[in-house]
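Chemist: Build me a model:
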Amino acid sequence: MKREIEITLVGAGMGSESCLTEEVKNIIKKADIVFGAGRLSSPFADSSVQKIVDTYRVEDLINVLNNVICNGDRFRVGNPGDEHDSGLNDLPWPDENDRNTLPWPDDNDRNTLPWPDDNDTNGLPWPDESDKNNLLSQEDAVCKCVFVYSGDSGFYSGAEKAYLRLSEWAEEKKKTDQELKINIEIKPGISSVSYLASRLRVSWQDAVIFSLHGRDFDEEIGKVIASARFSEKTFVLLSGAKDVRRLAEALLAERMRGISGSVGVVTDGIKNNEELELQLGYRLSYPDEKLIKIIFTEESTWNNPSRAENDGITVLNYSSENDVMNNIEEGLYTAFIHNPAPERKPLSYGIPTSRYLREEHVPITKEEIREIVISKLRLFEGCTFYDIGSGTGGVTIDVAGVSPTIKVIAFEKKPERIELLRKNMERFGVHNITPIAGDAADILDGDFLKNNPPDRVFIGGTEGRLRDIINLLRTYDRTIRVCITAITERTKNEILAMLGEGIFTEPDIVEVSVTRLIQQDGRYEMKAENPIMIAAFTI
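Modeler: Next comes the predicted model:
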């Protein structure tokens, strides 16, 4: 007898049965085993006839299926509700006593139907247990199981990784059991984003979508805020009330930065005087579903929380002076950030030095040099970038502004300079920078490099430890693009010496002299800056 296991990974929507597609309902109804987190598996399955496993781990599913294969339970011929269901597993098998209790036709029946005589009753074979086994062997035995995921199976779901793992497991099983057939399918559901968009009567085909659910909030929030700044529509999946509060605080800070006027000056964008809104869907599809709109008011209109019911939406005014967000209920949330007048994102890097907050004796790489350095670094989306010797943050801020997906780590030996960097981070509204105070060579000589491997490195100042840093970067098995600026002859010679030793590959080294226009004694004249070596290479 051939055996078959049918595994279906399904999206169940937000959690209410009303959001299940008819296809998914039927798949769950016909399943022998239903897997999924308790709030999804239990309400949709019938524990009286189905095995329910409260889990979100695919390895638990595999363990159960291994037991099914070994022990033979949960395999059936046909399935309840199937038009081709043989019913052999569900109907009682007749024993000898059934023969005596079955009614036998009387003589009148014999006149209308061809009917066996008494001798035929003794001659006809009556099924025994061996017949049962023979009948079963003529059909494949099937075990149907379903793994229920929230939302849509293709939208921030565990279904994709589960499919890959199950496919790997299935291949392993087929090698040792030729009679076993394993089929794996994925079925879609309704995502909370599409549901919330319909409730708010907005389209989402032009929206930017993120998930903070189960992710590192501090690492991901910068991407969300950047989207809220430059995009009209942003949807965000959240883990709970804490995420809602932190998101609202970040949006309020971004709003106040925009009101201060620095944003438009820095990015050459359009200053936004329309209201930024955060709209929340709470426990979508459940009976206690709520829609909440949070408005980030300007300082002149800050007040205590005000609520107005408008088409079923609770409206809240939020500022740093009230405690609206402290009253947010715990539960599942999906957020929609609406920016009616998003800024225009610059298509080039190169922030003028005059726009940075400066302090005496804190260096900043010259503007033209910064532009050449960033060009030669060959940055890409999602890369990890080190700025060693960040100073004021000229290169750090510019790189962070290229894309919110770049992970920027700024090393600065002097702790007092870190505060200046933080001020410039706030001024320019970048959230993807991690400032670290301390000697870069000492910090990298440990687990930090292993846990945060760089793709691109700019070295602007090492205080005599250039070779130490290069050697540490080389110990990690990773191709790294490095760019160094050098003013002193000592540093220039050290770079050339390492090049001669074969430490670098693909060298791209230039020396740049910049002559700048200045005004002196009422006259304009050109003044030469010190020449600077820019060395780019791969290690």
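Chemist: So in this structure, where's the weakest helix or strand by average pLDDT?
Modeler: Least confident helix or strand of the chain, by mean pLDDT, DSSP states H and E, is helix 262-267 with a mean of 40.
Chemist: Apart from its neighbours in sequence, what residue is nearest residue 245?
Modeler: In space, and not counting its chain neighbours, residue 245 is closest to residue 325: 4.4 Å by C-beta to C-beta, 6 or more residues apart in numbering. For every residue, glycine as well, the C-beta is placed using N, CA and C.
Chemist: Surely that neighbour touches residue 244?
Modeler: Yes. With contact defined as C-beta atoms under 8 Å, residue 325 counts as touching residue 244 (7.0 Å).
Chemist: Comparing those two, which residue is more hemmed in?
Modeler: residue 244 (25 against 19; other C-beta atoms under 10 Å).
Chemist: need the contact list for that one.
Modeler: 238, 280, 325, 328, 333, 335 (C-beta atoms under 8 Å, 6 or more residues apart in numbering).
Chemist: Report the lowest-confidence entry in the residues you listed.
Modeler: In terms of pLDDT, the lowest of these is residue 325, showing 76.
Chemist: Quick one: residues contacting it.
Modeler: Neighbours of residue 325 in contact, by C-beta under 8 Å, 6+ apart: 244, 245, 248, 249, 318.
Chemist: That one looks like it's in a helix, true?
Modeler: Yes. Looking at residue 325 with DSSP: H, G, I helix; E, B strand; the rest coil, it is inside a helix.
Chemist: circling back: any chance of the contacts of residue 244 in a markdown table, plus distance to residue 434 and secondary structure?
Modeler: Shown next, in a markdown table, are the contacts of residue 244 (distance: C-beta to C-beta, whole Å; DSSP: H, G, I helix; E, B strand; the rest coil):
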| residue | distance to residue 434 | secondary structure |
| --- | --- | --- |
| 238 | 23 | strand |
| 280 | 29 | strand |
| 325 | 26 | helix |
| 328 | 28 | coil |
| 333 | 27 | strand |
| 335 | 25 | strand |
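Chemist: want to throw the residues you listed into TSV with distance to residue 513?
Modeler: Output for those, formatted as TSV (distance: C-beta to C-beta, whole Å):
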residue	distance to residue 513
238	53
280	56
325	54
328	58
333	56
335	51
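Chemist: List only those of those flagged as buried.
Modeler: 238, 280, 325, 328, 333, 335 (16 or more other C-beta atoms under 10 Å).
Chemist: of these, closest to residue 229?
Modeler: Within the buried ones among the contacts of residue 244, the smallest distance to residue 229 is 15.4 Å, found for residue 335 (C-beta to C-beta).
Chemist: give me the beta-bridge partners of that closest one?
Modeler: Beta bridges link residue 335 to residue 236, residue 280 when assigned by DSSP bridges.
Chemist: ok, it to residue 429 distance?
Modeler: Per C-beta to C-beta, to the nearest Å, residue 335 is found 19 Å from residue 429.
Chemist: can you map out the strands along the stretch 401-539 of the chain?
Modeler: 407-412, 433-437, 456-459, 481-486, 505-512, 515-520, 523-528, 532-538 (DSSP state E, counting those that start in this stretch).
Chemist: any chance of those strands in a markdown table, with mean neighbour count, mean pLDDT and distance to residue 68 too?
Modeler: Shown next, in a markdown table, are the strands of the stretch 401-539 of the chain (neighbours: other C-beta atoms under 10 Å; pLDDT from 0 to 100; distance: least, C-beta to C-beta, whole Å):
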| stretch | mean neighbour count | mean pLDDT | distance to residue 68 |
| --- | --- | --- | --- |
| strand 407-412 | 25 | 96 | 44 |
| strand 433-437 | 18 | 96 | 48 |
| strand 456-459 | 24 | 97 | 50 |
| strand 481-486 | 23 | 96 | 52 |
| strand 505-512 | 12 | 94 | 55 |
| strand 515-520 | 9 | 91 | 77 |
| strand 523-528 | 9 | 93 | 80 |
| strand 532-538 | 19 | 96 | 53 |
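Chemist: quick revisit: out of the buried ones among the contacts of residue 244, which is nearest to residue 421?
Modeler: residue 325 (28.5 Å).
Chemist: Look up how far residue 318 lies from the closest one.
Modeler: 7 Å.
Chemist: can you check residue 195 too?
Modeler: 24 Å.
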